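Trainee: generate coordinates for the sequence data below:
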Amino acid sequence: MAEKTKMILTKAEREALEAEYRHLIDVERVDVIEKIQMARSQGDLSENADYDAARDRQAQIEGRIVQIETIFNNAVMAEEVEGGSGNKIAIGDVVDYERDDGRKVTVRISGNVGANPETVPPTVSNESPIGKALLGQKVGAKVRVEAVTPYSITVLNITR
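Mentor: Next up, the predicted model:
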């Protein structure tokens, strides 16, 4: 049987998911139910675009609720995985590094659930090539990133 990948969350990621979950249940779900009831009151549902749109939105909301519940039921906190990282890079840390081409980059290391390249700094998964290369390293370490085109980096700074 294949080993199931652990879902890892930082405290901040869990808090953000909890806030999203509460919003979906307390606001979004209630709103879409009202829209469905209003659309039903308009009569014939076979040609009711408002009803169809509300039902589609309801399916999206319920799907996301189930997805978050699954994460909560299967995730472990990064602190439980790390077990105290001292001065080594761990999940949740912000890392400044320099690529072998001289470009300086800052990333946040997240668990495999919280990666988001659009945040500032970008958040990379612990399972990504850069995440794998950085985890457990110290300031000053020169590391090879095993990406499609491998490259080297030097760790400049770690912020918790």
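Trainee: in the chain, which helix or strand is least confident?
Mentor: Lowest by mean pLDDT, DSSP states H and E among the helices and strands of the chain is helix 78-82, with a mean of 62.
Trainee: ok, the helix or strand following it: who's next to it in the sheet?
Mentor: Past helix 78-82, further along toward the C-terminus, the next helix or strand under DSSP states H and E is strand 94-99. Partners of strand 94-99 in the sheet, by DSSP bridges, are strand 104-110 (antiparallel), strand 151-159 (antiparallel).
Trainee: most tightly surrounded among these?
Mentor: Stretch with highest mean neighbour count among the strands paired with strand 94-99: strand 104-110 (a mean of 19; mean count of other Cβ atoms under 10 Å). Backbone N, C-alpha and C define where each C-beta goes, glycine included.
Trainee: against which helices or strands is the helix or strand following it packed?
Mentor: Per DSSP H and E, the first helix or strand lying C-terminal to strand 104-110 is strand 123-125. Contact partners of strand 123-125 among helices and strands, from 3 or more Cβ pairs under 8 Å, 6 or more residues apart in numbering; DSSP states H and E: strand 104-110, helix 129-134.
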